[in-house]
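*Asks:* Quick check, what structure comes out for this input:
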Amino acid sequence: EMPSNNNNNNNNNNQQQSCCSHDHNCDESSCATSSLHNFIDLDKLSSQNVANEADCKNVFREWNSRLDTDPVGIKSDDDDCELLLRVPFTEDVKLTGIVIVGGTRGTHPAEIKLFANDNMNKIDLENVHRKKPTQKFDIQEDFLGILEYETDRTKFSSCSSVTIFVSKNFAKLRGEEMQTEISYVGLRGEASGHRRDMIVTAVYETRPMPEDHKVSEDEMQLRMAK
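*Replies:* Numbers count the residues shown, from 1 in each chain. Here you go, the predicted model:
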């Protein structure tokens, strides 16, 4: 079940006091202003073990709309807690932090692993446990989207994509098998200004094109006559 907007101040205070692994609390002046939402290539998002891949776009929203329950978020398949999200960017970014809002009753992610720049999509659910993540986080239940987990900026200073692997949820920590539910993922950082499509075009245009070196039949005959 996805969290609703009806959270009171007591839940907010208790959550901030009980959480010790996050780096700082988000507010309007931080998470809202440094969102990378506008630099996520939503049309190229992909996933594994997500019940409805089309819903992946829904969880990447502006920070101010993080608690919206419409449209719906994502769920992992069946009673498997693991899921994988591949997030490409329209330009290289410096990824500085991540915020996750998950479901209730044990469906909230408890551990995530981030992989920077897996642009060939080599990481999947078959091999991800054998891969060394760029960074791993133990996640606290956060139904308000106020807990940000800061990345090691030296490892995420030039990201064209980030792969998010949810390896455990809170039900898993209790020894139970249950779906993972996510209603919001917020990525924070800075964009480089170097668009990925412009880089591809520039590389393409520097390659010699066959039509640039075509020789007419008349010119070929003149060359052979010399």
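*Asks:* Now do the contacts for residue 161.
*Replies:* Residues in contact with residue 161 (CB atoms under 8 Å, 6 or more residues apart in numbering) are 86-89, 116-119. Using the backbone N, CA and C atoms, a C-beta is placed for each residue, glycine as well.
*Asks:* Show me what the longest strand seen in the chain packs onto, helices and strands only.
*Replies:* Secondary structure of the chain per DSSP state E: the longest strand is strand 83-102. Using 3 or more CB pairs under 8 Å, 6 or more residues apart in numbering; DSSP states H and E, the elements in contact with strand 83-102 are strand 46-48, strand 109-116, strand 147-150, strand 159-169, strand 181-195, helix 196-206.
*Asks:* Would you mind listing where this protein has pLDDT under the threshold?
*Replies:* For the chain, applying pLDDT under 70 flags the ranges 1-33, 196-226.
*Asks:* re the thing from before, may I see the helices and strands packed on strand 83-102 organised as CSV, with distance to residue 39 added?
*Replies:* What follows is the helices and strands packed on strand 83-102, written out as CSV (distance: least, CB to CB, whole Å):
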stretch, distance to residue 39
strand 46-48, 17
strand 109-116, 15
strand 147-150, 17
strand 159-169, 10
strand 181-195, 5
helix 196-206, 10
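*Asks:* residues contacting the one residue sitting closest to the centre of the chain?
*Replies:* Centroid check for the chain by CA atoms, centre = their mean gives residue 87 as the closest residue, at 4.1 Å. When contacts are counted by CB under 8 Å, 6+ apart, residue 87 touches 40, 45, 60, 161-164, 187.
*Asks:* re earlier: which one of the helices and strands packed on strand 83-102 lies closest to residue 124?
*Replies:* Evaluated over these, closeness to residue 124 peaks at strand 46-48, with 6.0 Å, by CB to CB.
*Asks:* Please identify the buried residues of that closest one?
*Replies:* 47-48 (16 or more other CB atoms under 10 Å).
*Asks:* Convert the C-alpha atoms of stretch 47-57 to CSV, please.
*Replies:* The C-alpha trace of stretch 47-57 is given here as CSV (Å, rounded to 0.1, in the frame of the first residue of the first chain):
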residue,chain,number,x,y,z
SER,A,47,13.6,-1.7,-15.2
GLN,A,48,13.7,-5.3,-14.1
ASN,A,49,11.2,-7.1,-11.9
VAL,A,50,8.8,-4.1,-11.9
ALA,A,51,5.2,-5.2,-12.2
ASN,A,52,4.4,-2.4,-14.7
GLU,A,53,7.4,-0.8,-16.3
ALA,A,54,5.3,2.1,-17.7
ASP,A,55,4.8,3.3,-14.1
CYS,A,56,8.5,3.9,-13.6
LYS,A,57,8.1,7.4,-15.0
